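J.: got a predicted model here, sequence first, then my questions.
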Amino acid sequence: MNFKLVKATDGAISKLEDQLRAPRKDTLTPAYENLKEQKTFAEDKLTELTKARDKKLEWFALIADIFLRLIKMIVAPLVFTTLVVGIARLGDIKTVGRIGGKTMLWFISASLMSLVLGMILVNIFKPGEAMHLALPLDNQSTGIDKAALSVKDFVAHVFPKSFIESMANNEILQIVVFSIFFGIAAAALGQKSERVVKALDDMSHIILKITGYIMNFAPYAVFGAMAVVIGKQGIGILTTYAIFISEFYFGLLLLWGILILAGSAFIKRRIFVLLKRIKDPILLAFSTSSSEAAFPKTMLELERFGCNPKITSFVLPLGYSFNLDGSMMYMTFASIFIAQSYGIHLSIETQISMLLVLMLTSKGIAGVPRASLVVIAGTLASFHIPEVGIALLLGIDPILDMGRSATNVVGNSIATAVVSKMEGQLSD
């Protein structure tokens with residue numbers, strides 16, 4: 001009811017503004033003064049109604065806010081531990097040699113392609129423009145400081161003055177830089193750093209367990225977030241969400257097509273045999289919203305398909321840290337969607353910078369349900385986009401997560417088959 005009154009009052013103010021702007025000879029006439037008084041009264045009424053509406057919704061908003069705080073709580077330690085362990089384990093790339101090189105080349109190419117596809121599609125469809133959201137009170141300007149996005153300042157900001165400060169401020173990119181140095185050093189020390197890497201590995205599993213606990217709170221956050229969004233925007237906002245979901249799944253289908261074409265260039269028509277083989281892992285990932293849940297079954301089916309077990313055991317686990325194609329596409333799609341929702345214009349240069357940040361920060365994030373939200377939350381903060389915007393996605397994220405988890409399985413399976421073929425280790 002409050003929403004309808006707010007909408008009607010807002011519409012009345014717009015009509016009064018049009019009448020006041022109309023050309024007239026005398027602006028001191030009683031009619032003109034009457035219009036000004038009506039407009040002032042309507043604006044006061046709108047403020048009153050908005051406050052009353054927001055007061056009713058504040059408890060719902062609190063539920064979503066608690067969830068967002070918990071997500072932000074785990075961002076920094078999760079990125080640090082998983083990335084260090086991933087790079088330290090990748091230290092064996094020297095002994096694995098050409099297999100590791102080919103694997104990483106495929107992963108980086110597929111990740112970039114997925115990110116670029118998401119960026120292109122969200123700029124074509126512009127799903128966020130229908131939201132027309134006002135910036136939060138602490139973010140009234142766009143916050144996109146053009147000078148701060150210069151190459152010099154961007155590069156300077158990448159390198160942390162203090163790791164502790166970066167962790168405290170959730171400066172994800174700075175944490176990534178420190179993690180890369182730490183991981184490379186740990187890999188170079190080999191046996192000497194094994195205990196530290198093992199401890200960080202154990203810590204990452206603890207943090208992932210905490211992530212699982214936090215995600216159990218997600219349904220309540222979804223309810224709170226959807227109540228606030230519908231309360232403020234009206235039931236018609238669901239149409240916008242339906243369009244967003246359909247556009248995203250269209251993008252996933254395109255991504256599948258590109259991955260299948262790329263795979264068929266190496267394994268020819270056997271790509272369809274592979275897809276038939278992995279249909280059960282795809283369905284499992286889709287239904288559980290977790291590509292990790294399908295990991296054991298995927299490995300088994302790839303070996304039955306003819307992939308060398310040694311290559312499978314190397315490429316597939318690596319893929320769950322470095323090759324989440326569905327999640328990669330979603331991250332650019334969702335981040336730019338939130339910026340569009342708040343009317344924040346992102347230049348192509350800024351979007352490319354965001355793409356590169358996502359390319360780095362997404363590495364090492366495990367395929368647990370809704371882990372992409374963790375990365376998006378960190379990226380929004382890095383580009384001064386309101387972090388509360390992530391609440392727009394909470395209600396529909398489980399539906400989107402199903403599709404991207406299934407896509408992750410497809411991407412990693414094709415990568416494993418291609419590397420096996422390149423090494424001459426794919427049997428019939």
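T.: Great, that's in hand. Residues are numbered from 1 along each chain as shown.
J.: go through the host helix or strand of Ser179 and flag the buried ones.
T.: Assigned by DSSP states H and E, Ser179 belongs to helix 172-189. Of the residues in helix 172-189, 172-179, 182-183, 186-187 count as buried by neighbour count, 16 or more other C-beta atoms under 10 Å. Backbone N, C-alpha and C define where each C-beta goes, glycine included.
J.: helix or strand next in line after that helix, which one?
T.: Per DSSP H and E, the first helix or strand lying C-terminal to helix 172-189 is helix 194-216.
J.: which helices and strands sit right next to that following helix?
T.: If you count contacts as 3 or more C-beta pairs under 8 Å, 6 or more residues apart in numbering; DSSP states H and E, helix 194-216 packs onto helix 30-89.
J.: let's see 10 Å
T.: helix 30-89, helix 172-189, helix 372-382 (3 or more C-beta pairs under 10 Å, 6 or more residues apart in numbering; DSSP states H and E).
J.: against which helices or strands is the second one packed?
T.: Under the contact definition 3+ C-beta pairs under 10 Å, 6+ apart, helix 172-189 sits against helix 30-89, helix 151-158, helix 163-168, helix 194-216, helix 348-361, helix 372-382.
J.: looking at it now, give me its mean pLDDT.
T.: Across helix 172-189, the average pLDDT comes to 81.
J.: check the last one too.
T.: The average pLDDT within helix 372-382 is 79.
J.: any buried residues in the next helix or strand after it, and which?
T.: Using DSSP H and E, the helix or strand that follows helix 372-382 in sequence is helix 391-394. Across helix 391-394, burial judged by 16+ other C-beta under 10 Å covers 391-394.
J.: what does stretch 205-215 give?
T.: Judged by neighbour count using 16+ other C-beta under 10 Å, the buried positions of stretch 205-215 are 207-208, 211, 214-215.
J.: where in the stretch 51-200 of the chain is pLDDT low?
T.: Counting by pLDDT under 70, the ranges of the stretch 51-200 of the chain that qualify are 52-53, 90-97, 136-157, 172-173.
J.: let's go with 90 and repeat that
T.: Under the criterion pLDDT under 90, the flagged ranges of the stretch 51-200 of the chain are 51-104, 127-194, 197.
J.: let me know the closest of the buried residues of helix 391-394 to Gly251.
T.: Relative to Gly251, the closest of those is Leu393; by C-beta to C-beta it sits at 15.1 Å.
J.: how about the contacts made by that closest one?
T.: 222, 225, 241, 244, 330, 334-335, 337-338, 341, 370, 372-373, 376, 400 (C-beta atoms under 10 Å, 6 or more residues apart in numbering).
J.: lowest-confidence entry in the residues you listed?
T.: Arg370 (60).
J.: quick one: residues contacting Ile175.
T.: Contact partners of Ile175, counting by C-beta under 10 Å, 6+ apart, are 75-80, 83, 160, 163, 166-167, 169, 360-361, 378.
J.: was I right to think Glu124 contacts Ile336?
T.: Just to correct that, residue 124 is Ile rather than Glu. No: Ile124 is not in contact with Ile336 according to C-beta atoms under 10 Å; the separation is 11.2 Å.
J.: who's more crowded, the two?
T.: Ile336 (25 against 10; other C-beta atoms under 10 Å).
J.: burial of the residue nearest to the more buried one when sequence neighbours are not counted, as a residue count?
T.: Distances taken as C-beta to C-beta, 6 or more residues apart in numbering place Val122 nearest to Ile336, at 4.5 Å, with adjacent residues excluded. Neighbourhood size, Val122 [other C-beta under 10 Å]: 25.
J.: give the buried residues for the helix or strand harbouring Val122.
T.: Assessed by DSSP H and E, Val122 sits inside helix 98-125. For helix 98-125, the neighbour count (16+ other C-beta under 10 Å) marks 99-100, 102-103, 106-107, 110-111, 113-115, 117-119, 121-122, 125 as buried.
J.: any idea of the angle that helix forms with helix 348-361?
T.: 140 degrees (axes from the mean of the first three to the mean of the last three C-alpha atoms, to 10 degrees).
J.: what is helix 98-125 packed up against?
T.: Against helix 98-125 (3+ C-beta pairs under 10 Å, 6+ apart) you get helix 93-96, helix 237-267, helix 309-322, helix 325-341, helix 348-361, helix 397-422.
J.: any idea which of these gets closest to Ala64?
T.: That would be helix 397-422 among the helices and strands packed on helix 98-125, by C-beta to C-beta, at 12.0 Å.
J.: now do that closest one and helix 194-216, the angle between them.
T.: Note on geometry: by the same axes, to 10 degrees, helix 397-422 and helix 194-216 are set 140 degrees apart in direction.
J.: tell me the buried residues in helix 397-422?
T.: Residues of helix 397-422 classed as buried by neighbour count (16+ other C-beta under 10 Å): 397, 400-422.
J.: again with stretch 62-76
T.: 63-65, 67-68, 70-72, 74-76.
J.: show me what contacts the residue nearest the centre of the chain?
T.: When C-alpha atoms, centre = their mean is applied to the chain, the residue found nearest the centroid is Met331 (3.1 Å). Contact analysis of Met331 by C-beta under 10 Å, 6+ apart lists 114-115, 118-119, 324, 354-355, 357-359, 361-362, 365, 372-373, 375-376, 379, 404.
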